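Engineer: Provided below for reference: sequence and predicted model.
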Amino acid sequence: MKALLIDNSGEDPIMVAGEVPAPKPSKHELLVKVEATALNRADLLQKIGKYPVPDGASSILGLEMAGRVEQVGDGVKKFSEGDAVFGLLPGGGYAQKCVIHEKMAMPLPGELSFEEAAAVPETFLTAYQAMFWLGALRPKETVLIHAGASGVGTSAIQLARELRSARIITTAGTDQKNDICKNLGSNLSINYKKQDYSESIEEAFGKDQVNLLIDFVGAPYWQKNLDLLAMDGRLVYLSFLGGTKVESANLVPLLRKRLTVMGSTLRNRNHDYKQRLTADFWKDAGLALQEGKIAPEIDSVFNWMEVEKAHSRMKNNQNAGKIVLTGMQD
């Protein structure tokens, strides 16, 4: 089968098309003909050697996919050949075929295209994990989502709106991205390049009003995040795109407000964890997805042979929402 592979022969790594053996499904796996996959920051990091591949995972990039089942293992009960499915992968999405455990696969909602479905798993499962499994977001609470127009951010907005009727605050770096957040349900969308987000939130809602905070930025926001959180507030870190070292910090809010600070990744979680997460997401949000109440925010769709253009768009932070690759079966 064809796959996109990392070529390290030049000054910078690039993606090139190559031929590799097609995977074979084990007892409880599906062999899927991939119709679409979507980009994630982890792809760019793995490409330059800064994101180790988990043990047993495919070294091919691609953490999510949508496609049609070509073959099922002899222990599979949930799906049959020809079924349209989508799901989270430990790797292998940048290829014509991949394998996925049947408990990780979800049936493709009739309202979604393959391109749309491929943009769901990584961002929606990450957002679901951060807000509900870790952040324990309760009905009517206030959640602040940094990088609100990112793939995970746009997913988190919709889940907080639909599943908890939460008051939602977002930050983003352009007016266009803030408009996207507003249209998805953000009650207060702040352009952090024009406004101090901490001051804007306190002016709108008062002090200590944020119950849950989802952050991708890290060190630059550390103190403001602690100061904004309410009593028993929770702070979940999903990445540190702005840096990892805080030069000076006031830790008093941690005790005074009984704060909880957590960090999480998803790719290196074990199979059982991911299967339970997928099951809970589908149970809680599957109907909303099928009815179109939540949907992935698509930034752009590229033919998979234009992967370098797609990677450049993400690397330069030009995307608002998900970047999708398609055309594997052409």
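Structural biologist: Thanks, I have the structure now.
Engineer: how many residues are close by the residue lying closest to G321 once chain neighbours are set aside?
Structural biologist: Sequence neighbours aside, E297 is the residue nearest to G321 in space, at 3.3 Å (criterion: C-beta to C-beta, 6 or more residues apart in numbering). (Glycine included, C-beta is placed from N, CA and C.) Other residues lying near E297 total 23 when counted by other C-beta atoms under 10 Å.
Engineer: residues contacting E297?
Structural biologist: 119, 149, 151, 154-155, 180, 184, 320-322 (C-beta atoms under 8 Å, 6 or more residues apart in numbering).
Engineer: next: E122.
Structural biologist: Contacts of E122 (C-beta under 8 Å, 6+ apart): 38, 40, 63-64, 88, 151, 266.
Engineer: let's see 6 Å
Structural biologist: By C-beta atoms under 6 Å, 6 or more residues apart in numbering, E122 lies in contact with 40, 63-64.
Engineer: in what helix or strand does it lie?
Structural biologist: Counting by DSSP states H and E, the element that carries E122 is helix 121-128.
Engineer: list the contacts of the strand or helix carrying V99.
Structural biologist: Element membership of V99, judged by DSSP H and E, is strand 97-101. Strand 97-101 has contacts (C-beta under 6 Å, 6+ apart) with 1, 22-23, 25, 28-34, 65, 87, 92.
Engineer: among the residues you listed, which two are most distant?
Structural biologist: M1 and H28 (21.5 Å; C-beta to C-beta).
Engineer: just the helices in the stretch 201-330 of the chain please.
Structural biologist: Listed in chain order, the helices of the stretch 201-330 of the chain (DSSP state H, counting those that start in this stretch) span 222-228, 252-256, 271-290, 307-315.
Engineer: swap that for the stretch 1-150 of the chain, please
Structural biologist: Along the stretch 1-150 of the chain, counting by DSSP H, counting those that start in this stretch, helices occupy 41-47, 114-118, 121-128.
Engineer: mind listing what N319 touches?
Structural biologist: Shown in contact with N319 (C-beta under 6 Å, 6+ apart): 299, 313.
Engineer: neighbours of the nearest residue to M231 once chain neighbours are set aside, how many?
Structural biologist: Setting aside the residues directly before and after it, M231 is nearest to K257 in space (C-beta to C-beta, 6+ apart), at 5.1 Å. A count of nearby residues for K257, using other C-beta under 10 Å, gives 16.
Engineer: and if you look at E29?
Structural biologist: Neighbourhood size, E29 [other C-beta under 10 Å]: 22.
Engineer: quick check: the gap between it and L229.
Structural biologist: 42 Å (C-beta to C-beta, to the nearest Å).
Engineer: equivalent analysis for S186, please.
Structural biologist: Distance of S186 to L229, computed by C-beta to C-beta: 18 Å.
Engineer: by neighbour count, which of the contacts of E297 wins?
Structural biologist: T154 (34 neighbours).
Engineer: surely it is within a helix?
Structural biologist: Yes. The assignment for T154 (DSSP: H, G, I helix; E, B strand; the rest coil) places it in a helix.
Engineer: so for it, what's the pLDDT?
Structural biologist: Looking at T154, its pLDDT reads 95.
Engineer: give me the nearest residue to it, chain neighbours excluded.
Structural biologist: E297 (3.9 Å).
Engineer: any idea how far the one you found is from M1?
Structural biologist: Counting by C-beta to C-beta, the gap from E297 to M1 is 30 Å.
Engineer: before we move on, what about Q129?
Structural biologist: In terms of C-beta to C-beta, Q129 sits 31 Å off from M1.
Engineer: so these two - more neighbours on which side?
Structural biologist: Between Q129 and M1, counting by other C-beta under 10 Å, Q129 is the more crowded of the two (23 against 15).
Engineer: pLDDT wise, what is the nearest residue to the more buried one once chain neighbours are set aside at?
Structural biologist: Excluding the flanking residues, the one nearest Q129 by C-beta to C-beta, 6+ apart is L277, at 5.8 Å. For L277, the pLDDT comes out at 98.
Engineer: switch to numbering from 50
Structural biologist: Sure thing, new numbering starts at 50, so read that last one as L326.
Engineer: how many neighbours does L326 have?
Structural biologist: Per other C-beta under 10 Å, the neighbour tally for L326 reads 20.
Engineer: how far away is it from S288?
Structural biologist: 18 Å.
Engineer: how about G116?
Structural biologist: Distance, G116 to S288, by C-beta to C-beta: 28 Å.
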